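S.K.: A structural model of the following input is requested.
(2 chains)
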There are 2 protein chains.
Amino acid sequence: MSVTKYDIRRGAYYDSVLLMQLQRGLIGLPGVLDAGVVMATQANCELLAANQLLPNSIAPSPDDLLIVVKADDDLSAADAINQVDSLLAQKRSSVSQDFRPRSLRAAANQLPESNWVLVSVPGRYAAGVAREALSLGKHVFLYSDNVSLEDEIALKKTAREKGLFVMGPDCGTAIINGIGLGFANRVRRGPIGLVGASGTGLQAVTSHIHNLGGGISHAIGTGGRDLKSDVGAITAHQALDLLARDPQTKVIVLLSKPPSPDVATKLLGAAKAAGKPVIVDFIGYPPPARKLGNLHFAASLSETAELAVSQSSVISDQLSVRDTGSGYLRGLFSGGTLAYETLLGLQATLSPLYSNAPMTNNQLLKDPLRSECHTIIDLGDEFFMVGRLHPMIDNDLRIRRLKQEAADPAVGMILLDVVLGEGSHIDPAGELGPVIKEISNKKEVVVIVIGTADDPQNVQSQIERLNDAGAVVFRTVTATVEYISSRFGQDVKNEYPPVDLNRFSQPLAAINVGLESFYDSLLSQGAQVIHVDWRPPAGGNEKLASLLAKMKK
Amino acid sequence: MSVTKYDIRRGAYYDSVLLMQLQRGLIGLPGVLDAGVVMATQANCELLAANQLLPNSIAPSPDDLLIVVKADDDLSAADAINQVDSLLAQKRSSVSQDFRPRSLRAAANQLPESNWVLVSVPGRYAAGVAREALSLGKHVFLYSDNVSLEDEIALKKTAREKGLFVMGPDCGTAIINGIGLGFANRVRRGPIGLVGASGTGLQAVTSHIHNLGGGISHAIGTGGRDLKSDVGAITAHQALDLLARDPQTKVIVLLSKPPSPDVATKLLGAAKAAGKPVIVDFIGYPPPARKLGNLHFAASLSETAELAVSQSSVISDQLSVRDTGSGYLRGLFSGGTLAYETLLGLQATLSPLYSNAPMTNNQLLKDPLRSECHTIIDLGDEFFMVGRLHPMIDNDLRIRRLKQEAADPAVGMILLDVVLGEGSHIDPAGELGPVIKEISNKKEVVVIVIGTADDPQNVQSQIERLNDAGAVVFRTVTATVEYISSRFGQDVKNEYPPVDLNRFSQPLAAINVGLESFYDSLLSQGAQVIHVDWRPPAGGNEKLASLLAKMKK
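M.R.: Modelled structure (predicted):
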């Protein structure tokens, strides 16, 4: 039979390294079978219970430190609990620094060239430290998690106004000027710059790039929530803008779990405007294509690395800037799947985009008979089909709609498909051509022709007559989408003060607040760093701290 | 000023070719500016209105034929309306057949070798015709749309029991034994077999394959709703099964808008079991990888064709069948993005699959502390992180969970990530290795190691020690997912009578019910075909028809 004893320390703050060390210390004592040392949150109590370490009938608050020891017998358990204080006292700091400033401001005075503050204190204190760092004009690497969304938005807006970064919260990884922050692999420097809303994603890609012989200019973390609508990718936009301006960066990688759709469209617009190849891996986001202009869509982290390395060795395709189209696109399809694939391809860069056969609910066109903004219509949809021949046989419906769209002054481009083959109209160009000819001096007309040289319609003659009528003709949806995307480039203007590239490119000098292991890591990488001997306000007493905060106002 | 006149024919049936011809005839008359001839559904009335062709204050029923003429003056309009009957009488059938049977049964007697019935009558009559075709033992190509979901399910279940296909409803395209049904491009025969829930998708891919020099064995349409949960991909499963058995087919293409997730998993399971390369394009479905065993995921219709052609020229990779794993997979991750990409990759083939950081709501693990079925846990999730070091620094949490999973008899494989680099634990193999060693004789242990040769941990030695402990080690998520997918092959057994391959491979002979142009098309392709002079029950009078139907029962 084993015996379990516990101790509760109410409302005291201990950092998590100390808790780990204490737990290990207790497990090492004679007669002790297991031990748990945790802040008594519900999750941690459940974890203790799962390890048969939760004493019955105790109800600690989440701010309490709970120390539990399971031992062979009563005496060993009691002995262990009695040694908690001496074990805590044994805790040695690994920081070799002579003088340890107690505040950020003091640290900043001590290391005036510091341009970064690393924050890894517990979540509830982290926003305050980050706010102070911004007020001192430093970039913030915010490792801490459990920071509220409101705090994140406020911090990032403040940072953006100052031309500073807040990377995080919950930012695990960054590599700035060759120095890894948080968790980061040692990789050579090189021409690939990364923006990542995912820590281990950045680690996997930067490692793989290194292993393939490539190198990294900067890897900029944003925190996992940055690409959600609420935050609006503030940090990712700043990072893209910086990497686009950075002459050391030849290829950009953009890495995230799937962003909110509106955020994705804006961010891809900014990526298109970057003037460099951008490898996009929105893990699990359906790629609009393999390639759209300078955007390359990867299907995995490893492929992201492979594409980045291969693109960084390409003598840059002259990234020509075309006149972009004005007005809206109207696609009038006879083929449902062609409409659907076009929608998939264009939704990444055209917004707002509507359809009577939408991919997502917010794309649903209210009235199939009236286009709005950019619209893709499937004229073969059941709605149109009662008692009527399919538009691949009978062009009447499409010709009428074509004229309707052409008469709309908001329209800049009209897109059609022409599907040849058995069963289809024997001469679509004969019927569509004259109408296209009428409108192609006012609107750009693009046609996708599907067919083979053996089809009864004579595909080559169809294409020639559509060309003669003034249409631009493509043979695949992919090529069409690429063309249209290049014509409807969204103008992305940065309205905020840019992050200062010169200052960003200075050797990294940092102030570390929180985990000492990050201090050690920076030192071992040859960076200048100063560790702050941080203590929570009012020693972790929440009530007192909130009283103090009120008095400051 | 123009004048508009109209005529309404109550509850009469006319086929849609006739309506188109009548409209064109009217527009060709002197003084006529425009004309509309439509079944008076709401959609069609709105279309007339959009063309200024809807007379005020009329309220036809959807079964009525509405004939509208807009002319220069009263006389021309009245003249045109008066000519409707003579124009209808002028309608010439293009069918050159001497004897035109009035029923399916008569047609089947006339052409006993017929193995297919093409149905393109209006939606409300189509299920009845298809049912009769099945009872005669024929495969059905069901072009008609506006067929109810209930009818589709009933028809397909009946067909499956008989080893017959119902391709459709709303099936635009198929190519069977070199003969195109419905809308189909003329393509050479060859080793690529297609299954498609999308008509123009099949056209685009088969055309592109032909244009690239490749060829088609069969292209089997399923109709757009086949891959929704309600139908459960009955036709697609039959088609995959047939193409897997067909010796002419070396490569299979599987084409659809995104299926329901449960349908996708089952279908991909069947595709894995096909023993041939399968190119998958679930347009807009996030691909789990570029390649999973014999499955290749394409990002576009054109890439689908390109992959199919390139795979058909590959001297087949020996598709080895491994012993598949038994029991469940439990993934215990320190890296959130690594967990996420693993989930993305495995959700295509593992089911049910749960996670505390799910991609879709139905994957949400109820209790992060208790795994269910296949489970991927992100141990770096905020839930676990209050007052606790990250699992990349402190292995305690993971080791405890590892032991918990190892003790679960339902578990067959345990997956871990080990992320090296700055900030991470200095010797994860030293702590995880001994635990892996304990359990790797009972459970398969797989580890993804992320890192570089320059990392402080010595990646090579970490890998060796994990190997020595009995773990299978990979360096990327992609390779890991590929391995796990091959180990957890779902057994896909076809419980239904297979479609008879010999009979399916006979020269196509068909009975056509509906659009005459499909008859012409089959004739011109050299197929045997007989056209049925079909009329709706009771001449299209719905009330009488329903009375007749009741009397039959």
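S.K.: What about A:Thr360, how many residues nearby?
M.R.: Using other CB atoms under 10 Å in any protein chain shown, A:Thr360 has 12 neighbouring residues. Yep, even glycine has a C-beta here, placed from its N, CA and C like the rest.
S.K.: can you pull the contacts of A:Val477?
M.R.: Neighbouring residues of A:Val477 by CB atoms under 8 Å, 6 or more residues apart in numbering or on different chains: A:Leu338, A:Glu341, A:Thr342, A:Gly345, A:Ile448, B:Ala204, B:Ser300, B:Leu301, B:Ser302.
S.K.: Next to chain B, which bits of the stretch 201-350 of chain A? Give me the list.
M.R.: A:201, A:203-204, A:207-208, A:210-211, A:224, A:257-258, A:283-287, A:289-290, A:297, A:299-303, A:334-338, A:340-341, A:344-345 (CB under 8 Å from any CB of the partner chain).
S.K.: repeat that for 6 Å
M.R.: A:201, A:203-204, A:207, A:210, A:257, A:283-284, A:286-287, A:289-290, A:299-302, A:335, A:337-338, A:340-341, A:344 (CB under 6 Å from any CB of the partner chain).
S.K.: Tell me which residue in the stretch 351-500 of chain A sits closest to chain B.
M.R.: Relative to chain B, the nearest point of the stretch 351-500 of chain A is A:Gly387 (3.0 Å; CB to the nearest CB).
S.K.: Isn't that residue up against B:Val37?
M.R.: No. In this structure, A:Gly387 is not within contact of B:Val37 by CB atoms under 6 Å, at 9.2 Å.
S.K.: and the closest residue to A:Glu382 other than its chain neighbours, what pLDDT?
M.R.: Spatial nearest neighbour of A:Glu382, excluding adjacent residues (CB to CB, 6 or more residues apart in numbering or on different chains): B:Asp145 at 4.9 Å. At B:Asp145 the predicted local confidence, pLDDT, stands at 91.
S.K.: How about A:Asp63?
M.R.: So, for A:Asp63, pLDDT stands at 83.
S.K.: neighbours around it, how many?
M.R.: 18.
S.K.: For A:Pro122, see how far away it is.
M.R.: Distance, A:Asp63 to A:Pro122, by CB to CB, to the nearest Å: 10 Å.
S.K.: picking that back up, top of the contacts of A:Val477 by number of neighbours, please.
M.R.: B:Ala204 (33 neighbours).
S.K.: Check whether that residue really touches B:Glu303, as I assumed.
M.R.: No. Assessed by CB under 6 Å, B:Ala204 is found out of contact with B:Glu303, at 11.2 Å.
S.K.: Spell out which residues of the stretch 401-550 of chain A are next to chain B.
M.R.: Proximity of the stretch 401-550 of chain A to chain B, by CB under 6 Å from any CB, involves residues A:419, A:421-424, A:450-452, A:454-455, A:476-478, A:521.
S.K.: Please repeat the previous calculation with a cut-off of 7 Å.
M.R.: A:404, A:419-424, A:450-452, A:454-455, A:476-478, A:517-518, A:521, A:525 (CB under 7 Å from any CB of the partner chain).
S.K.: got a list of what A:Ile175 touches?
M.R.: A:Ala184, A:Val187, A:Thr206, A:Ile216, A:His218, A:Ala219 (CB atoms under 7 Å, 6 or more residues apart in numbering or on different chains).
S.K.: Ramachandran angles for the residue sitting furthest away from the middle of chain A?
M.R.: Farthest-out residue of chain A from its mean C-alpha position, per CA atoms, centre = their mean: A:Leu75, at 53.6 Å. Main-chain dihedrals, A:Leu75, degrees, to the nearest 10: phi -60, psi -50.
S.K.: what about chain A, any weak spots by pLDDT?
M.R.: Low-confidence segments of chain A (pLDDT under 70): A:91-97, A:315-325, A:489-492, A:538-546, A:548-553.
S.K.: The same query, at a cut-off of 80, please.
M.R.: A:1, A:11-15, A:57, A:89-99, A:314-326, A:387, A:489-494, A:537-553 (pLDDT under 80).
S.K.: So which of the residues of the stretch 401-550 of chain A next to chain B belong to helices?
M.R.: A:Gln404, A:Val477, A:Thr478, A:Ser517, A:Phe518, A:Ser521 (DSSP state H).
S.K.: Can you pick out the residue with more neighbours from A:Gly387 and B:Val37?
M.R.: B:Val37 (28 against 23).
S.K.: surely the more buried one meets B:Val17?
M.R.: No. B:Val37 is beyond contact range of B:Val17, at 11.5 Å (criterion: CB atoms under 7 Å).
S.K.: Skip the chain neighbours and tell me the closest residue to A:Leu379.
M.R.: Nearest non-adjacent residue to A:Leu379 (CB to CB, 6+ apart): A:Pro391, at 4.5 Å.
S.K.: do A:Phe183 as well
M.R.: Per CB to CB, 6+ apart, closest to A:Phe183 is B:Gly423, 4.1 Å.
S.K.: how many other residues sit next to the one you found?
M.R.: 27.
S.K.: Contact partners for it?
M.R.: A:Gly182, A:Phe183, A:Ala184, A:Ser517, A:Phe518, A:Ser521.
S.K.: repeat for A:Asp455
M.R.: Listed by CB under 7 Å, 6+ apart, the contact partners of A:Asp455 are A:Leu420, A:Gly421, B:Asn185, B:Arg186.
S.K.: Select from these the one having the most neighbours.
M.R.: The residue in these with the most neighbours, by other CB under 10 Å, is B:Asn185 (33 neighbours).
S.K.: all strands for the stretch 151-300 of chain A, in order.
M.R.: A:166-167, A:173-176, A:179-182, A:189-196, A:216-221, A:251-256, A:278-282, A:291-292, A:295-297 (DSSP state E, counting those that start in this stretch).
S.K.: Enumerate the positions of the third one that are buried.
M.R.: Going back to what we said before, that points to strand A:179-182. Under the neighbour-count criterion of 16 or more other CB atoms under 10 Å in any protein chain shown, strand A:179-182 has A:Ile179, A:Gly180, A:Leu181, A:Gly182 buried.
S.K.: Chain B contacts on the stretch 51-200 of chain A?
M.R.: Going by CB under 7 Å from any CB, the residues of the stretch 51-200 of chain A near chain B are A:51, A:122, A:145-146, A:180, A:182-187, A:198-200.
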